[in-house]
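Student: Output the structure for:
(2 chains)
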Amino acid sequence: MPTDSQLLGHRPRYVEKSIELFIRSSGFIVIGSLVLIFVFVAKEALPLLTSSTVHEEVTIPSMLLPRTDNTESLPPDPTLGQKMDAWFPWQPVSTKPKYSLLPLVIGTLKVTFVALLIAIPIAIAAAIFTSEFAPQGVREFIKPAVEILAGIPSVVVGFFALMVLATFLQDTFGLLMRLNAITAGVALSLAVIPIVYTVAEDALSAVPQTFRDGSHALGANRWQTAWRVAMPAAMPGVFAACVLGAGRAIGETMIVLMSSGNAATCSFDPTESFRTFSATIAAELGDAPHGSPHYHVLFFIGAFLFIITFVLNMIGHWYVARVRDRLAGKAKRKMTDPTPEAVPELEG
Amino acid sequence: MKKLCAILAAGLAAGAGCGGASTDAIVPYSRENNSGTYMYFKEHVLNDVDFAAHVQTLPGTASVVNAVSKDKRSIGYGGIAYDKGVKVLKVKKDAGSAAIEPNVETVVKGTYPISRYLFFYTVGEPEGAIKHFIEWTRGKEGQDLCEKVGYFPLPEDKRSKPSEAPPAEKKTITVKGSDTMVILGGRWAETYMKAYSGVTLQITGGGSGTGIKALIDGETHICQASRPMKAEEKKKVKDKHGKDPVEIAVALDGLAIFVHPSNPLTEISIPQLKVIYTGKVRKWSELRAH
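Tutor: Numbering: from 1, shown residues only, chains lettered A, B, ... in the order given. As a prediction, this is how the structure comes out:
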């Protein structure tokens, strides 16, 4: 009988070993660089908490609390929104730099919300269609097509939003500002849809065919099967898809930098311009002198963004793993508890 | 579902109505805060008061011009070489003075109120090919080109004498900085490289601040800047390289004020610009009072 090494074409043992070592170290390099990036970002952000020279210009409370020393930009009888803008200014390049985080928080949340509002229904509906209803041929066309959408460089999407989408939306809805959270949200949803779609579709496809066969055997039609059997079974995966989509929306930089107008206002109005964390870092880091308070504030924002997207991705992947285990019958709970929780009931 | 549709329709109608009613609102555009043009505008027009929060910032002069050309209510500012599809306003120093159009005569004479020198910076006195290139840009050929591209030439007394033959070295010279100067730098490089084949020039933008940082870090031979270097930046160059940075004025630029072609306005004063960009005035109709 031939040995393994003979079957593999007599490859010497040391070659085998070195290939294994190479592959193994590649894995560690990825993890290692992730750790190094975090250490670097955290190190550059730390002076904001510790350095007294930085504290002369900016402290954590000054970034969070309203300021009363900034009334110059107010018109004679200001509205509440205009007052908010004066209380929470983001003016890093100024004779007296001001770093209020509130406008950036509002801007980031505003565009993420709009993008998810558009992307999640479309992406999940598309995922249900491809996994439950579409004939094989159509499915094999739609899935790669959506994945190509993910491959479009974000700067191209941003440019499209800036030149075409902004004009179209402004003319159609008579918006005051060309660049606003609706324009940017629509553009951003183009980046979010592929992620939500791919993960949700994978989760739905992982639902065993026996579930659907059982449902059909009990007299349910295809829609009932999709909505009441496949969807509940894949729910953690679909939820994970939404969470990963949110992570992408918060971290995306180029699209919002180009299509948001970057005005640091405190307005929740989606027809107004806004400024996000990521676009602020991209626009300002190039010019913030190394070691200046502005520089450390930008790294602080970076660390904050890193943690948010990291946590969102962790939650997302944990749920994806959960749905995989659950459908494969590997969940620990099931070993001890014989009632199969994974099979949803057809009532209701 | 019907209810939802009704709400949505009402919302859209309200949105459209509000858009129609607020054609009076001013939509001001500015540059990002790493731009030399931003700094110049803040110092000379706003007298160092902060820009208002609702002022939108865009990454380049070309984007500002593009945005203004597509937005009836907008106003923007930037290097005059970029005026495509927008109306350039005449500028008054204050409410009582004459409105002056930015052109060669007014900018070179200095009567146009918002004009500035554009600079090259090097670490220590430039030498060899770098020196030759800089002298060339300040000579007749460079300055003629400057006018052709849409910038303004230096006054006669600031130009350089006809320069000597170039040193016969092969060299790649990098120029980095002001976005305002990218068009100009690109044309200079093109023509210069045709005439003197030994030299390769690489021109990149990024903003004056980015260029100055690159000069400090020793990443570029020449920094192009649309604002003078600050004292602390000069000190950093000295600390890092042991030599003072050398400032060389290479061209003049008029900072133009852009509005949409359909805007009836033809002139604007510096105090009016100040109230628009600091947020005191947010409607075109209120502007007349200032």
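
Student: how close does B:Thr210 sit to A:Asp325?
Tutor: B:Thr210 is 49 Å from A:Asp325, where distance means C-beta to C-beta, to the nearest Å. In this view, the C-beta of every residue, glycine as well, is placed from N, C-alpha and C.

Student: And those two? Which one has more around it.
Tutor: Comparing B:Thr210 with A:Asp325 by other C-beta atoms under 10 Å in any protein chain shown, the one with more neighbours is B:Thr210, at 24 against 16.

Student: residues in contact with the residue of the stretch 201-348 of chain A found nearest chain B?
Tutor: Closest approach between the stretch 201-348 of chain A and chain B, counting by C-beta to the nearest C-beta: A:Asp287, at 3.2 Å. With contact taken as C-beta atoms under 8 Å, 6 or more residues apart in numbering or on different chains, A:Asp287 is in contact with B:Asn33, B:Asn34, B:Gly207, B:Gly209, B:Thr210, B:Lys213.

Student: Show me which pair in those residues is furthest apart.
Tutor: Using C-beta to C-beta, the contacts of A:Asp287 reach their maximum pairwise distance at B:Asn33 and B:Lys213, which is 14.0 Å.

Student: Give me the domain ranges for chain B.
Tutor: B:25-114+B:255-287, B:116-252 (automatic domain parsing).

Student: With distance to chain A and mean pLDDT as extra columns, can I get these in TSV?
Tutor: TSV is the format used below for the domains of chain B (distance: least, C-beta to the nearest C-beta, whole Å; pLDDT from 0 to 100):
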stretch	distance to chain A	mean pLDDT
domain B:25-114+B:255-287	3	89
domain B:116-252	3	87
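
Student: now these in JSON lines, with distance to A:Val156?
Tutor: Shown next, in JSON lines, are the domains of chain B (distance: least, C-beta to C-beta, whole Å):
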{"stretch": "domain B:25-114+B:255-287", "distance to A:Val156": "15"}
{"stretch": "domain B:116-252", "distance to A:Val156": "20"}
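
Student: Select, out of those, the one closest to A:Pro89.
Tutor: Checking those against A:Pro89 by C-beta to C-beta gives domain B:25-114+B:255-287 as the closest, at 6.2 Å.

Student: what does the stretch 101-250 of chain A put close to chain B?
Tutor: A:103, A:162-163, A:166-167, A:170, A:173-179 (C-beta under 8 Å from any C-beta of the partner chain).

Student: cutoff 6 Å now
Tutor: Counting by C-beta under 6 Å from any C-beta of the partner chain, the stretch 101-250 of chain A comes close to chain B at A:Thr167, A:Phe173, A:Gly174, A:Leu175, A:Leu176, A:Met177, A:Arg178.

Student: Strands along the chain, start to end?
Tutor: Since you didn't name a chain, this refers to chain A. Remark: strands assigned in chain A by DSSP state E are A:90-91, A:98-99.

Student: switch to chain B, that's the one I care about
Tutor: Assigned by DSSP E, the strands in chain B fall at B:27-31, B:56-58, B:74-79, B:87-88, B:90-92, B:115-123, B:171-177, B:199-206, B:222-225, B:245-259, B:267-269.

Student: which secondary element of chain A has the worst mean pLDDT?
Tutor: Least confident helix or strand of chain A, by mean pLDDT, DSSP states H and E, is helix A:332-336 with a mean of 45.

Student: mind listing what B:Ile257 touches?
Tutor: Taking C-beta atoms under 6 Å, 6 or more residues apart in numbering or on different chains as the criterion, B:Ile257 is in contact with B:Tyr77, B:Leu89, B:Ile268.

Student: now with 8 Å?
Tutor: So B:Ile257 contacts B:Ile75, B:Gly76, B:Tyr77, B:Val88, B:Leu89, B:Val91, B:Ile268, B:Leu273 (C-beta under 8 Å, 6+ apart).

Student: how about a markdown table for the contacts of A:Asp287, with distance to B:Val107 added?
Tutor: Converted to a markdown table, these look like this (distance: C-beta to C-beta, whole Å):
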| residue | distance to B:Val107 |
| --- | --- |
| B:Asn33 | 25 |
| B:Asn34 | 25 |
| B:Gly207 | 22 |
| B:Gly209 | 24 |
| B:Thr210 | 26 |
| B:Lys213 | 29 |
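
Student: and the residues you listed, which of them are in helices?
Tutor: The helices, defined by DSSP state H, take in B:Gly209, B:Thr210, B:Lys213 from the contacts of A:Asp287.

Student: pLDDT at the closest residue to the first one other than its chain neighbours, what is it?
Tutor: Closest residue to B:Gly209 in three dimensions, ignoring its sequence neighbours and counting by C-beta to C-beta, 6 or more residues apart in numbering or on different chains: A:Asp287, at 3.5 Å. According to the predicted model, the pLDDT of A:Asp287 comes to 72.

Student: What segments of the stretch 201-348 of chain A are helices?
Tutor: Applying DSSP state H, counting those that start in this stretch to the stretch 201-348 of chain A gives helices spanning A:209-217, A:222-225, A:231-251, A:254-259, A:277-284, A:293-327, A:332-336.

Student: And the ones you listed: which comes nearest A:Asp69?
Tutor: helix A:293-327 (17.1 Å).

Student: where do the helices sit along chain B?
Tutor: Under DSSP H, chain B gives helices at B:2-21, B:36-44, B:61-69, B:104-109, B:128-138, B:140-149, B:182-195, B:208-216, B:231-241, B:270-278, B:284-287.

Student: Would you mind finding the most buried of those helices?
Tutor: Burial of the helices of chain B is given as mean neighbour count (mean count of other C-beta atoms under 10 Å in any protein chain shown); helix B:208-216 ranks first at a mean of 26.

Student: Skip the chain neighbours and tell me the closest residue to A:Ala283.
Tutor: B:Glu32 is the one closest to A:Ala283 (C-beta to C-beta, 6+ apart), at 4.7 Å.

Student: swap in B:Tyr151?
Tutor: Distances taken as C-beta to C-beta, 6+ apart place B:Ala251 nearest to B:Tyr151, at 4.9 Å, with adjacent residues excluded.

Student: Am I right that the one you found is in contact with B:Val149?
Tutor: No. The pair B:Ala251 and B:Val149 does not pass the contact test of C-beta atoms under 8 Å, sitting 9.3 Å apart.
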